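> After the sequence you'll find the predicted model.
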Amino acid sequence: MNNALSTTLIATAIILSTGCATPARVDQMVSTGEAQYRTAATPLRNNLALKEVTGGRETNPMWVSNVGSSELEQALEESLKAVGLLAARQGGEYLLTADLMKLDQPMLGLDMTVTSTVRYIVAERATGKSVFDETLTAPYTARFSDALLAPERLKLANEGAIRTNIGKLLERLVHLKFDKVAVAK
């Protein structure tokens, strides 16, 4: 009898500690970049629109937290807006395409490190000529102290990996040097 009670308590503890998976939150994936990004001189200033965001996977509540394409798109849009690169009303001379190629997630762990790999392409709207084409990889570790429940830690790690990846993109874009005249040829 005592053995059955112990087994039941252990099973209940495992079920309660795993919880349900929830999708990544957009507001936690937004990167506002460094303060100097908002004033950096770049041809992309208020001149960049999102064309397409792909590669995300929707979260299955019974499995693990993921990052959907729509959540990534919203996070990119808010991040570009925060640093002054987003064009008004989908205008602008340049289009950004993003493809979430990989989201490496651990199956178990106290500290969970997720690594995001995203390919970004910025092309001139008029000609389709690429002015930026890079695949950026960014890890982020959510510690056991950040969240007791493993699904929540994984979600935090997902959000952090995307936020860090977007931060790398912003850094590259605000420092991107290209001749607008040469691009238009």
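Alright, I've got the coordinates.
> how about the residue nearest in space to the middle of the chain, secondary structure?
Against the mean C-alpha coordinate of the chain, by Cα atoms, centre = their mean, the closest residue is residue 162 at 2.5 Å. Assigned with DSSP: H, G, I helix; E, B strand; the rest coil, residue 162 falls in the helix class.
> Tell me the helices and strands packed up against the helix or strand encompassing residue 79.
Here residue 79, judged by DSSP states H and E, is contained in helix 69-82. Packing partners of helix 69-82 (3 or more Cβ pairs under 8 Å, 6 or more residues apart in numbering; DSSP states H and E): helix 26-29, strand 48-54, strand 94-104, helix 150-174. For the C-beta atoms, the positions are set from N, CA and C on the backbone; glycine is no exception.
> can I assume the residue nearest to the centre of the chain is in contact with residue 116?
Yes. Residue 162 is in contact with residue 116 according to Cβ atoms under 8 Å; the separation is 5.4 Å.
> intersection of neighbour lists for those two?
By Cβ atoms under 8 Å, 6 or more residues apart in numbering, residue 162 and residue 116 have these common neighbours: 67, 138.
> hang on, the earlier thing: in the helix holding residue 79, what counts as buried?
Using 16 or more other Cβ atoms under 10 Å as the test for burial, helix 69-82 gives 69, 71, 72, 73, 74, 75, 76, 77, 78, 79, 80, 82.
> got a list of what the nearest residue to residue 166 once chain neighbours are set aside touches?
Excluding the flanking residues, the one nearest residue 166 by Cβ to Cβ, 6 or more residues apart in numbering is residue 31, at 4.2 Å. Residue 31 sits next to 75, 79, 82, 163, 164, 166, 167, 170 when contact means Cβ under 8 Å, 6+ apart.
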